[in-house]
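> Please find the sequence and the predicted model below.
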Amino acid sequence: MTAPNFGEQGGRLTYGTYLRIAELLEQQVPESDPAAHDELLFITIHQVYELWFKLLLSELTDARDRMLAGESYLPRVRLERCRSIERVLVGQVDVIDTMTPQDFLAFRNKLAPASGFQSNQFREIEFLSGLKDPSYLRRFRGLSEAEQARLRRRLDEPSLWDAFLAVLVKAGFAVETAEQRFEAYAVIARDRERYGQLWDLAEALVDHDQAWSLWRARHVLMAERQIGTKPGTGGSAGGAYLRSRVETRFYPELWELRSRL
Ligand code: HEM
Ligand SMILES: N[C@@H](CC(=O)c1ccccc1NC=O)C(=O)O
């Protein structure tokens, strides 16, 4: 039986050169020496999160841009992809739960003051989603010029919420006051035959909001499983700080709407 002769046509592009696998696999550089066994897991899972954050930013930005242009179909498609990605973000926490606190302590002392608190893309996603808190720009230490510029741009540009309101205006709804917005939500919620696409878009935003809150909650358990009530390497109160962020919402009016139906 001769080996199949597919896969090398022309020898131009390969899996490794197209995906820059060699460069990618050189990026996991442990601080611990001798290397603590679990530090590769710790570095790998964070880099995987940041790659997913990069894709989320691309999809959420396209959803925002299309809604600003008056679209509501493809924005929902993009948000549904984000929901699938965010399910993975919550699920993959299970991998770091295979690390014991003793094994984390073998290299934790090398990490301070680094912390996920400094994840630029995580904060960009929160700003783009509508949770704009300029104090993070002042509180971030060690941000590069490029990272500061990205955060400032996300603060200044329209959010997903601004874009969603633009879609409502295009559909003929007034959105200047909270009273007008809740009237619009009520009309949309009660006539899905006519406004089903707007209802589905609002629900896709709620899915994104819910997934982000689920991740925040899962991260509290992950953190407390590793460090108990110790303060964080980023200088926070640790689990107590993280717990204070779980109730945060991107779209409070879409949650409040449930109380008024
Ligand atoms: C051993 C596992 C982990 C522990 C013990 C942990 C602990 C903490 C703590 C205590 C904070 C608060 C800031 C500080 O004082 O450091 C924090 C923030 C954060 N961590 Fe982690 N974390 C872990 C894993 C992860 C992973 C895998 C990610 C994925 C990207 C992550 C992303 C973040 C983010 C984005 C924040 C900022 C949250 C916010 O400000 O709302 N962490 N973490
Ligand atoms: N803040 C964590 C340390 C930690 O998990 C971490 C350290 C460096 C880079 C990212 C991290 N992830 C989340 O904070 C802790 O206090 O143990």
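Happy to help now that I have it. Ligands and ions are numbered 1, 2, ... in the order given.
> Tell me how far Glu253 lies from ligand 2.
Separation of Glu253 from ligand 2 (Cβ to the nearest ligand atom, to the nearest Å) stands at 31 Å. Yep, even glycine has a C-beta here, placed from its N, CA and C like the rest.
> any idea which element that residue lies in?
Using DSSP states H and E, Glu253 sits within helix 252-260.
> Equivalent analysis for Ala146, please.
helix 145-156.
> how deep is the closest residue to ligand 1 within the stretch 151-261 of the chain tucked in, by neighbour count?
Proximity of the stretch 151-261 of the chain to ligand 1 (Cβ to the nearest ligand atom) peaks at Gly232, 2.0 Å away. Neighbour count of Gly232, defined by other Cβ atoms under 10 Å: 20.
> roughly how far apart are Arg64 and ligand 1?
Arg64 sits 21 Å away from ligand 1, going by Cβ to the nearest ligand atom.
> of all the residues in the stretch 101-250 of the chain, which ones are close to ligand 1?
Residues of the stretch 101-250 of the chain lying close to ligand 1 by Cβ under 6 Å from any ligand atom are 104, 115-117, 119, 122, 219, 222-223, 226-227, 232-236, 238, 241-242, 245.
> Take those and keep only those in helices.
104, 122, 219, 222-223, 226-227, 241-242, 245 (DSSP state H).
> Show me just the buried residues among those residues.
Listed as buried from these are 104, 122, 219, 222-223, 226-227, 241-242; burial here means 16 or more other Cβ atoms under 10 Å.
> what two of the residues you listed have the greatest distance between them?
Phe104 and Phe122 (20.3 Å; Cβ to Cβ).
> Poorly predicted segments of this structure, please.
4-11, 141 (pLDDT under 70).
> How many residues are close by the residue in it that ligand 2 sits nearest to?
Here the chain gets closest to ligand 2 at one residue, Gly116, 2.8 Å apart by Cβ to the nearest ligand atom. For Gly116, the neighbour count with other Cβ under 10 Å is 14.
> Start the count at 8 instead of 1 going forward.
Yes, from this point I'll number from 8; that puts the last item at Gly123.
> wouldn't it be in contact with Gly241 here?
Yes. At 7.4 Å, Gly123 counts as touching Gly241 under the criterion of Cβ atoms under 8 Å.
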